[in-house]
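[1] pasting the sequence and the predicted model now:
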Amino acid sequence: MSGPRFFRALPIVAGLTGYRPAWLRDDIAAGLAIAAVSIPTAIAYPAIAGLPPEVGLYASIAPLLAYAVFGPSRQLIVGPDAATITVLAAVLGTTLQNNPSLTEADRIAAASIVALGVGVICFLAKTLRLGMLASLLSRPILTGFFAGISLDILIGQLGRVTGLKISSDGLVPPLVELVSKLGSIHLPSLILALFMLIILEGAKVTRFAVPGPVLVVVLALLLSWSVGLEGRGVAVVGSISSGLPPLRLPSVGNLPIGDLILGSAVVFIVTFGSGIITARSFAAKTGATVDANRELAGFGAANIASGLFGSFPVTAADSRTAVNLSVGGRSQLAGIAAAFVLIGTLLFLSDLLRLLPIPALGAILVSAALHMIDVASLREIWRISRLEFSFALIAMSGAVSFGVLKGVGIAIAATLAYVLYKGMQPRVVLCGRIPGRGGFYKLHRFDAAKPVPGLVICVVQGSLLFFSADEVRRRLFAIADELPSATRWFVLDAAAVSMVDSSGAAVLEDFHAELDRRKILLGIAELHGEARALLDRVGVIRALTPSMIFEDLEDALLAYQRSDDSAGTSDSAHGHTTPLTGKGIQRPNTSHPEGLG
């Protein structure tokens, strides 16, 4: 019984529920198109990490089948990704640099171990429901980071498009070396690369029916075969292993397994973060929803399959997914069809693919890198938030200045710094009433809003934690210094305070003591259960007058109006009061905050 239940629970079963035979033609057509777009990048991308081209084909087959079965999306396509392979290259360069005796087979095994590690982390994260890890790198910071590593990819293609051997590493040294060797540039290679780059960019601009990489591969193969480019000094891909690799665990041998596992965590962060952004981007176009925890299972299965078949980490591929949607792929069968087409390519066309000129593949990588620099998104980030733009630049400069691997750490640190910076400045705002209208309104936004005589309504928008406690203390005491002499109650609206720790509790204790010294009663409205429990343990709740804990602001106002000291105070707030400066919050006919932004 458990077997049938297991198969019924597979995402592919749900995806094919209600499938119509007429859709099969669309899925097969989409599979052919996906395979056509996959071949150029599958052969080109492995070179970034120093891997043979056939490994890229393996990474385009097994993960497609695994995601089709375990992935929740009907139309998302996984495969090699420029950003992921660049981070993998940095991991391999760091972990294997002290062992020059390692062979190409060892390098492939190391990449496969990283892929398995990424897959295992995905499933562990799914078990712990850590889908929010997809947001560990925010969109602005990922945009900046991708712009940075795109420069790393561009520098890496100098040798491929010029026919030179560039041995320097980093950003500037390869450029200096290129300048010193200008006289040795192989002109046929450079001309071919530039010609292919023009075709790639022209196909994008004109939205040509055939994708640019497919055009480049076909034209480059025709030129290579007809003109004999290899005999004219143009480097070609060379021998590509035909046939499928065996299903097996990679050989560990003398590989630094601990370092590779740590590298897997770094690759996972970039792979999952960028993959979820791709998934959400296409889901927005189709009206679908993305569950990050379910995607973890799909990405995990895809990476484990890639590792078991001797390949490298993969993620959601935006170009392949775009082709799938444009051709009209209906289900996971499109990915399965693409995988079988690629298997046929590997079995029967490997001899033809060996003629592919290296400069043409370099042009494909240059084009991919150029389009990773999302100028439109950077411009939008600049328009929306200068602060977020500055963090995007930090992420970009980290990848450029310190290398891709350290750049990931800098990007994560920038994200955490941004979150901490925003959390350190919670808003402390004041509210009042508008005559003839219900609810509470921001004093600084609504000229008609007036404080209730003798009653101060103050809203804290943000958590009361150790890193924000001092700022909240400063704001509250500044407000206290401006209170009119007639103030009798100070009600703190805690609806927007999601968390409180001992430092935040100490702020409330001190503020209560300050108000008590001024003969002003402190009340708290809409205090969440968890925060209330902590304040109760600390003793803040017991220190307050029992009747000063309110369900919402309306209850607090009603209690104030009924108190003996506030007799005669009207709800419409027509009486004369000393104006208070500050920010407030609107609550039209409800106890829940509106416009907290």
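    Happy to help now that I have it. Residues are numbered from 1 along each chain as shown.
[2] contacting residues for residue 114?
    88, 91, 92, 260, 263, 264, 267, 307, 312, 313 (Cβ atoms under 8 Å, 6 or more residues apart in numbering). Heads up, the C-betas are built off the backbone N, CA and C, glycines and all.
[3] ok, the residues you listed vs residue 542, which is closest?
    Residue 542 lies nearest to residue 264 out of the contacts of residue 114, by Cβ to Cβ, at 50.2 Å.
[4] can you tell me how far the closest one is from residue 275?
    15 Å (Cβ to Cβ, to the nearest Å).
[5] residue boundaries of the strands in this structure?
    Listed in chain order, the strands found in the chain under DSSP state E are 78-79, 315-316, 427-432, 441-442, 455-461, 489-493, 521-525, 549-550.
[6] of all these, which one comes closest to residue 361?
    When these are ranked by proximity to residue 361 (Cβ to Cβ), strand 78-79 comes first, at 16.2 Å.
[7] just checking, what packs against that closest one?
    Secondary-structure packing of strand 78-79 (3 or more Cβ pairs under 8 Å, 6 or more residues apart in numbering; DSSP states H and E): helix 23-44, helix 62-70, helix 292-308.
[8] please redo it, this time with the cut-off set to 6 Å
    Packed against strand 78-79 by the contact rule (3 or more Cβ pairs under 6 Å, 6 or more residues apart in numbering; DSSP states H and E) you find no helix or strand.
[9] comparing residue 264 and residue 275, which residue is more hemmed in?
    residue 275 (28 against 25; other Cβ atoms under 10 Å).
[10] please name the residues that touch the more buried one.
    Residue 275 makes contacts with 299, 315, 316, as judged by Cβ atoms under 6 Å, 6 or more residues apart in numbering.
[11] how far away is the second one from residue 131?
    In this case it means residue 315. Distance from residue 315 to residue 131, by Cβ to Cβ: 15 Å.
[12] just residue 108 next, same as before
    Residue 108 is 31 Å from residue 131, by Cβ to Cβ.
[13] equivalent analysis for residue 534, please.
    27 Å.
[14] could you do residue 49 as well?
    From residue 49 over to residue 131 (counting by Cβ to Cβ), the distance is 28 Å.
[15] more neighbours, those two?
    residue 49 (26 against 18).
[16] contacting residues for the more buried one?
    Taking Cβ under 6 Å, 6+ apart as the test, what residue 49 contacts is 85, 88, 89, 92.
[17] repeat for residue 80
    41, 42, 45, 56, 59 are the contacts of residue 80 under Cβ under 6 Å, 6+ apart.
[18] and for residue 524?
    Residue 524 touches 492, 494, 549, counting by Cβ under 6 Å, 6+ apart.
[19] partners of the closest residue to the last one other than its chain neighbours in the sheet?
    Counting by Cβ to Cβ, 6 or more residues apart in numbering, residue 524 is the residue found nearest to residue 549 once chain neighbours are left out, at 5.8 Å. With DSSP bridges applied, the residues forming beta bridges to residue 524 are residue 492, residue 549.
[20] state the pLDDT value of residue 524.
    For residue 524, the pLDDT comes out at 92.
[21] ditto for residue 415
    Note on residue 415: pLDDT of 78.
[22] now do residue 426
    For residue 426, the predicted pLDDT is 86.
[23] report how many residues lie close to it.
    Neighbours around residue 426, by other Cβ under 10 Å: 22.
[24] ok, now which ones touch it?
    Residue 426 touches 460, 461, 462, 468, counting by Cβ under 6 Å, 6+ apart.
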